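Q: Curious how this folds, go ahead:
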Amino acid sequence: MDPQDDPEARIRDLERPLADRAQTSELGTQPYPYPPTPHQSAPQPHSTGPSQAGVIVLVVVVLLLLVFGAGVAIYFAKVVPDGSVTSGRPTIAGGGGALDPTPEVPATENPPIVVLPGLPGGDDGQIAQAPLGGQFSVSGVEGDKQVVCNDSLISVSGVSNTVTITGHCVSVTVSGVSNEVIVENADRISASGFENRVTFQSGDPQIDNFGDNVVERG
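A: The predicted structure follows:
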């Protein structure tokens, strides 16, 4: 009898590969992995476009440019609010307009003359002429001076000076310490300082006395 015609033999032939595969699985063995065929290639990395670092750098540069532009605009807005360059006199920030020019003190035709009695060049014992309508000053220590007043403004200061003033004076001002002043005629007499004595001979002057002084008619 031909084995191929035996159904049981054919069944055993079909079950043999299944039995061999089950035995292999029980023994823990696996078929040997075959290397990939030549036509297969390794997976290529996926391109994701620009890197994150490049994007961050670009954003930082844009922010810096915006901040710089805003700072320049604010600076020029503060320096020149109306956008124009001003010239001439400076202005005060916060309003108020231009600064007023400093008033100039007019020069007098007859500047004050300072005489120092009791010191070299003081010309003690000589008569000094006060300028007409001008100012004349006498100062120093322990001097003796005579002054002719021509509607002038006389100022006496220093310590222990003796001053005789003749003529008419617009005003006589005495300061310092222990000065003795004799005035022929004056519209106004002012005394300040300490222990000064002013004696006027005529007229009715306006008297301003400050401090420990004596102003009297003589």
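Q: avg pLDDT for stretch 161-175?
A: Stretch 161-175 shows an average pLDDT of 96 in the prediction.
Q: May I see the buried residues of it?
A: The neighbour-count check on stretch 161-175 (16 or more other C-beta atoms under 10 Å) flags 161-165, 167-169, 171-175 as buried. Glycine gets a C-beta too; all of them are placed from N, C-alpha and C.
Q: ok, now stretch 132-148?
A: 134-140, 143, 145-147.
Q: all strands of the protein, in order?
A: Using DSSP state E, the strands of the chain run over 113-115, 127-129, 135-138, 144-156, 162-174, 180-186, 188-191, 194-202, 206-209, 212-217.
Q: picking that back up, ok, the buried residues of stretch 161-175 vs L64, which is closest?
A: Nearest to L64 out of the buried residues of stretch 161-175 is S175 (C-beta to C-beta; 69.9 Å).
Q: Next up, the contacts around the closest one.
A: 155-157, 191-193, 196 (C-beta atoms under 8 Å, 6 or more residues apart in numbering).
Q: Need these in CSV (columns: pLDDT).
A: As requested, those are exported to CSV (pLDDT from 0 to 100):
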residue, pLDDT
S155, 96
V156, 96
S157, 95
A191, 96
S192, 93
G193, 91
N196, 96
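Q: where does this protein have its least confident helix or strand?
A: Across the helices and strands of the chain, mean confidence by mean pLDDT, DSSP states H and E is lowest for strand 113-115: a mean of 44.
Q: Turn the strands of the chain into CSV, columns for distance to F76.
A: Below are the strands of the chain laid out as CSV (distance: least, C-beta to C-beta, whole Å):
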stretch, distance to F76
strand 113-115, 55
strand 127-129, 65
strand 135-138, 54
strand 144-156, 56
strand 162-174, 57
strand 180-186, 65
strand 188-191, 58
strand 194-202, 63
strand 206-209, 59
strand 212-217, 64
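Q: Could you report the pLDDT at G97?
A: 49.
Q: about what we covered before: from the buried residues of stretch 132-148, which two are the most distant?
A: G134 and G143 (20.9 Å).
Q: Near G54, how many residues? Count them for me, please.
A: 10 (other C-beta atoms under 10 Å).
Q: now swap in I74 and tell me
A: With other C-beta under 10 Å as criterion, I74 counts 10.
Q: low pLDDT regions in the protein?
A: Flagging of the chain using pLDDT under 70 yields the residue ranges 1-5, 17-51, 77-125.
Q: so T162 touches V141, yeah?
A: No: counting by C-beta atoms under 8 Å, T162 does not reach V141; the two are 11.6 Å apart.
Q: Help me confirm that H168 comes into contact with R188.
A: No: contact criterion C-beta under 8 Å: H168 and R188 do not qualify, at 11.8 Å.
Q: hmm, who's touching stretch 189-196?
A: Against stretch 189-196 from outside (C-beta under 8 Å, 6+ apart): 157, 171-181, 183, 198, 200, 205-215.
Q: Understood, closing this out.
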